[in-house]
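A.B. asks: Sharing a sequence plus its predicted fold:
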Amino acid sequence: MIKKGDFIELDYTAKLKDDKLVFDTTLEDVAKASGNFNKKFKYSPVIICVGEHHLIPGLDSSLEGKEAGSHTIEILAENGFGKKRADLLKLIPLRLFQKDEVQPYPGLEVNIDGQLGLVKSVSGGRVIVDFNHPLSGKDLVYDIDIKRVVSDPIEQVRAVLELIHLPHTGIDILDGKATVFIKEKIPDEIITGIAEDLKRMTGLKELVFALDKKEAKEPMKDHSKPKEGGKKE
């Protein structure tokens with residue numbers, strides 16, 4: 001039985017409840033059949049840690065108590081991508097778009113101050129932009145297949161690094177102490193938080209990030225040969 005804190009591997013297909021439209025899947029055949037296939041995307045099961053918000057809230061919480069195998073889970077909008085919020089409908093002067101040589105029209109996706117939105121209407125020099133998530137207000141259905149519980153700490157660490165899109169060249173674990181090898185130095189304030197989260201999720205006693213000297217980019221104007229790095233996965 002799945003419990004909070006377990007790492008599990010699963011496949012899923014996500015659909016809108018009303019019209020059964022598929023908007024996300026880990027299965028290549030489903031992606032092709034639904035017209036959502038993306039050749040740049042790697043279709044394969046994902047590994048997540050239950051209760052760590054790696055999935056939308058309603059799906060994450062519903063995994064607790066489940067057994068391995070196939071399940072269909074219905075998720076209300078408020079537990080998915082949220083309800084529609086009126087305060088996220090913004091009125092923006094047309095001149096601000098024209099200043100950037102953009103001619104807005106209904107349906108245009110825009111990025112304003114780092115926020116993604118959708119133009120809803122253009123009238124009288126004013127533009128209404130909806131900054132709600134495109135799937136907000138929608139009830140959802142997830143078909144999931146829980147493959148297994150993942151107990152290998154290397155798999156667990158690797159899975160989290162993939163979820164947060166942090167590239168690495170290898171992972172070495174000995175006596176509860178892990179070293180993650182990376183190509184480029186990452187600011188301490190970022191790496192410290194990631195390391196603490198990984199220790200909490202995996203139960204490792206220690207986790208450090210080390211520059212892989214075989215893979216590291218050489219500093220500018222430094223043409224010396226990189227030293228050999230440590231053991232990696």
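C.D. replies: Nice, thanks for sending it over. Remember, it's a predicted structure, so these values are computed and weren't measured experimentally.
A.B. asks: How is Asn36 assigned, secondary-structure-wise?
C.D. replies: The three-state label given to Asn36 by DSSP: H, G, I helix; E, B strand; the rest coil is coil.
A.B. asks: Quick one: residues contacting it.
C.D. replies: Val22, Phe23, Asp24, Thr25 (CB atoms under 8 Å, 6 or more residues apart in numbering). In this view, the C-beta of every residue, glycine as well, is placed from N, C-alpha and C.
A.B. asks: Pretty sure the second one sits against Thr13.
C.D. replies: It stands for Phe23. No. With contact defined as CB atoms under 8 Å, Phe23 does not reach Thr13; the gap is 9.4 Å.
A.B. asks: So those two - more neighbours on which side?
C.D. replies: Set Phe23 next to Thr13 and count neighbours by other CB atoms under 10 Å: Thr13 wins out with 19 against 14.
A.B. asks: got any ranges where the protein has weak pLDDT?
C.D. replies: Low-confidence segments of the chain, defined by pLDDT under 70: 215-233.
A.B. asks: What are the boundaries of the helices in it?
C.D. replies: With DSSP state H as the criterion, the chain has helices at 28-34, 57-62, 94-99, 153-163, 188-202.
A.B. asks: okay, the second one in CSV with CA atoms only?
C.D. replies: Right, helix 57-62. Presented in CSV, the C-alpha positions along helix 57-62 are these (Å, rounded to 0.1, in the frame of the first residue of the first chain):
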residue,chain,number,x,y,z
PRO,A,57,-2.7,18.3,-5.3
GLY,A,58,-5.7,16.1,-6.1
LEU,A,59,-3.6,13.4,-7.8
ASP,A,60,-0.8,13.6,-5.2
SER,A,61,-3.1,13.1,-2.2
SER,A,62,-5.1,10.3,-3.9
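A.B. asks: Could you tell me how far it lies from the centre of the chain?
C.D. replies: Distance of helix 57-62 from its chain centroid, counting by CA atoms, centre = their mean, to the nearest Å, is 15 Å.
A.B. asks: tell me the domain boundaries of the protein?
C.D. replies: Split into domains by automatic domain parsing, the chain comes to 1-81+137-151, 86-130, 152-233.
A.B. asks: thinking again about what came up before, closest one to Ile2 among the helices of the chain?
C.D. replies: Proximity to Ile2, assessed across the helices of the chain by CB to CB, is greatest for helix 57-62 (9.8 Å).
A.B. asks: Output the contacting helices and strands for that closest one.
C.D. replies: On a contact count with 3 or more CB pairs under 8 Å, 6 or more residues apart in numbering; DSSP states H and E, helix 57-62 meets strand 69-75, strand 140-149.
A.B. asks: ok, back up a step: the helices of the chain into TSV, with extra columns for distance to Glu74 and mean neighbour count?
C.D. replies: Output for the helices of the chain, formatted as TSV (distance: least, CB to CB, whole Å; neighbours: other CB atoms under 10 Å):
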stretch	distance to Glu74	mean neighbour count
helix 28-34	18	15
helix 57-62	9	18
helix 94-99	39	13
helix 153-163	25	18
helix 188-202	28	15
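A.B. asks: Out of those helices, the one nearest Gly82 is which?
C.D. replies: Comparing the helices of the chain by CB to CB, helix 57-62 comes nearest, at 9.2 Å.
A.B. asks: on that earlier part again, deepest-packed of the helices and strands packed on helix 57-62, please.
C.D. replies: strand 140-149 (a mean of 18; mean count of other CB atoms under 10 Å).
A.B. asks: Residue nearest the middle of this structure, spatially speaking?
C.D. replies: Leu163 (5.2 Å; CA atoms, centre = their mean).
A.B. asks: since we're on the residue nearest to that residue when sequence neighbours are not counted, how many residues are nearby?
C.D. replies: Excluding the flanking residues, the one nearest Leu163 by CB to CB, 6 or more residues apart in numbering is His54, at 5.7 Å. For His54, the count of nearby residues is 18 (other CB under 10 Å).
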